[in-house]
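Student: I would like the atomic coordinates for the input below:
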Amino acid sequence: MASRKRTSGAPKATGLRQGLATYGDAGFSLFLRKAFIKAAGYTDDALDRPIVGITNTFSDFNPCHGNVPDLIESVKRGILLQGALPMVFPTISIHESFSHPTSMYLRNLMAMDTEEMVRAQPMDSVVMIGGCDKTLPAQLMAAASADRPTIVLPVGPMLVGHYKGEVLGACTDCRRLWGQYRAGTFSEQDIQQVSERLAPTKGTCMVMGTASTMGCMVETLGMGLPSSGSIPATHSDRLRIAEATGKRAAEMARTGGPKPSEIMTKAAFRNALTVMQAIGGSTNALVHLTAVARRLGIRIDLEEFDTIGRNVPVLVDLKPSGDHYMEHFHWAGGNSRLMKEIRGSLDETAMTVSGRTLKQVIDKAEMVPNQTVIRTPKNPIKPTGGMAVLRGNLAPRGAVIKHSAASPALLTHSGRAVVFDSLEDLALRGDDPKLDVKADDILVLRNAGAKGAPGMPEAGSFPIPMKLARAGVKDMIRISDARMSGTAFGTIVLHVSPEAANGGPLALVKNGDRITLDVPKRKLELLVSAAELTKRRKAWKAPTPPAGSHRGYASLYFDTVLEADEGVDFDFLGSAGAKR
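Tutor: Prediction:
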């Protein structure tokens, strides 16, 4: 579709005068808008100022966003101090544990909702407040598509919990302790007490899971102010950064920029991929960044990402790749300090929403003496980056493994496949004492991708079969077309693409087949002849779509959702809105 150009010399409408409802009479539209907004007690003076929208993602179903009301008040204060008018509006709010079937299933819906509300309502700039795993990605996707001056404010990580002298973090430690409970070494009383201490405050998970990773990505991309991704949710600094965010948003409202498309450039995305490797970030973030970049017509190259990982070590000593938590990372200097250690691998000319270049941000990084959370390249946590991209006849379009959080002994391994056809099949047979499975087998879960599950659940780190867990087995190779939480530990191959529900090779694996994983060589191979696979493909039938997938959002989702290597976005939401 051809772009529409404004008539030469016609001033761009701003403030309350932009995006008027269509009545066939612009004067009447503005009159009616003012009449209704004055019901809230606004004066003409207030209504004549630049407008800064503020997304409200507070929800009783989203405890991670429990500090959003306080953040909104601080953002509003910053906006008012700069003489602009703050306007708060609600959008969808997604919490990882309160989203059926998955939060990923709803990410695109939140992105569409946020984009359309930004487009539909009069605002000169917008502050997007998010945190729990899929909210920040959805907001970045919306910002990319709406391309209105935007600044992102993460809600921040929660503080650590404590149990019997041990520091606890959601959700790396919840998975570890739940595994002990399943193995019978942790009592019912223990697990109940731990449930009250794993998430002791408002905020997102305090390990380098998806929320924390995306907070760092917001900073690295330049879409949030420095340190906004790591300040603890409960600290007064979080309120001060919110006020500063509001002030900057007001300045952007007056100047009309910068726009997201001017900040989130190809160089900015490469910087983000580099930092993601150095922090041992969540595998989910790769899918999210792919989706955001696609909205801007930028392609994330998996081979380039893998090459970055071979050259950039993991430097952040944070769970699940290390031992510490986000509050320790923040007080060690945070993302800006981390970038200082790898600045030679970054494009420091990239601009940020603060109005400064990345170089200027890095130059101002706090240098904390004697801290050990952020290492130097000479003393890394892991010698290479957190993630590797695998290829082979089992994953023609790629698969991902977070090898920084895997068991080194399993990174090169061949074993017998033990196959589960679905999450339901896993639930039915996974803990069956009669299950034919041994510790050196390779567990395969299929039909758990974007379409197959649906919603690409965080099921990739599925449990070790009960009889092996109780025999002391703590890790096994697990392969799936699902995702896993960024908080999880294990030798887990994810995002196998194409997914099984679309007829990918994962759909053709049979119990007893041999599979080889060779992470150093980036190989994932099913040791079955091409002729046999062709025979199996002819006999394969696509799974029946779940009930309800013929209507509403479900129908839109099933008809248009893309594979993991394309960001699991909808095919019509690319930069030009064109389907592939």
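Student: any stretches of the stretch 251-400 of the chain with poor pLDDT?
Tutor: Along the stretch 251-400 of the chain, segments meeting pLDDT under 70 are nowhere present.
Student: try 90
Tutor: Residues of the stretch 251-400 of the chain that meet the criterion pLDDT under 90 lie in 320-322.
Student: just the helices in it please.
Tutor: Taking DSSP state H, counting those that start in this stretch, the helices of the stretch 251-400 of the chain run over residues 260-263, 266-278, 283-295, 302-311, 326-331, 334-341, 358-363.
Student: distance from the chain centre to the third one, please.
Tutor: It refers to helix 283-295. Taking the mean of its C-alpha atoms, helix 283-295 sits 8 Å from the chain's own mean (CA atoms, centre = their mean, to the nearest Å).
Student: likewise for stretch 270-283?
Tutor: Stretch 270-283 has its average C-alpha position 12 Å from the chain's average C-alpha position, going by CA atoms, centre = their mean.
Student: nearest residue to residue 33 in space, please, no chain neighbours.
Tutor: Closest residue to residue 33 apart from its sequence neighbours, by CB to CB, 6 or more residues apart in numbering: residue 16 at 6.3 Å. Every residue, glycine included, has its C-beta placed from N, CA and C.
Student: go on, residue 526?
Tutor: Once its chain neighbours are removed from consideration, residue 526 has its nearest residue in residue 394; the separation is 4.5 Å (CB to CB, 6+ apart).
Student: what number of residues lie near that neighbour?
Tutor: Counted by other CB atoms under 10 Å, the residues lying close to residue 394 total 27.
Student: in this structure, which residue is closest to the centre?
Tutor: Central residue of the chain (CA atoms, centre = their mean): residue 285, 4.3 Å from the mean position.
Student: what helix or strand does the residue nearest to that one when sequence neighbours are not counted sit in?
Tutor: On the basis of CB to CB, 6+ apart, the spatially nearest residue to residue 285 that is not a chain neighbour turns out to be residue 213, at 4.5 Å. Per DSSP states H and E: residue 213 is located in helix 210-221.
Student: which other helices and strands does that helix contact?
Tutor: Under the contact definition 3 or more CB pairs under 8 Å, 6 or more residues apart in numbering; DSSP states H and E, helix 210-221 sits against helix 135-146, strand 150-154, helix 266-278, helix 283-295, helix 334-341.
Student: state the mean pLDDT of that helix.
Tutor: Confidence for helix 210-221, expressed as mean pLDDT, is 97.
Student: starting at the chain centroid, how far to it?
Tutor: Taking CA atoms, centre = their mean, one finds helix 210-221 lying 8 Å from the centre of the chain it belongs to.
Student: quick one: contacts for the closest residue to residue 63 other than its chain neighbours?
Tutor: With CB to CB, 6+ apart as the criterion, residue 63 has its nearest non-adjacent residue at 6.6 Å, and that residue is residue 202. Shown in contact with residue 202 (CB atoms under 8 Å, 6 or more residues apart in numbering): 63, 64, 65, 66, 67, 155, 158, 233, 234.
Student: roughly how far apart are residue 202 and residue 238?
Tutor: Applying CB to CB, to the nearest Å, the value for residue 202 to residue 238 is 10 Å.
Student: swap in residue 164?
Tutor: Between residue 164 and residue 238 the distance, using CB to CB, works out to 29 Å.
Student: ok, those two, which is more surrounded?
Tutor: Summary of the neighbour comparison: residue 164 and residue 238, criterion other CB under 10 Å, with residue 238 having more neighbours (25 against 9).
Student: could you look up the SS state of residue 417?
Tutor: Following DSSP: H, G, I helix; E, B strand; the rest coil, we place residue 417 in the strand state.
Student: who's in contact with the nearest residue to residue 412 once chain neighbours are set aside?
Tutor: Leaving aside its sequence neighbours, residue 412 sits nearest to residue 518 (CB to CB, 6+ apart; 5.2 Å). Under the criterion of CB under 8 Å, 6+ apart, the neighbours of residue 518 are 411, 412, 524, 525.
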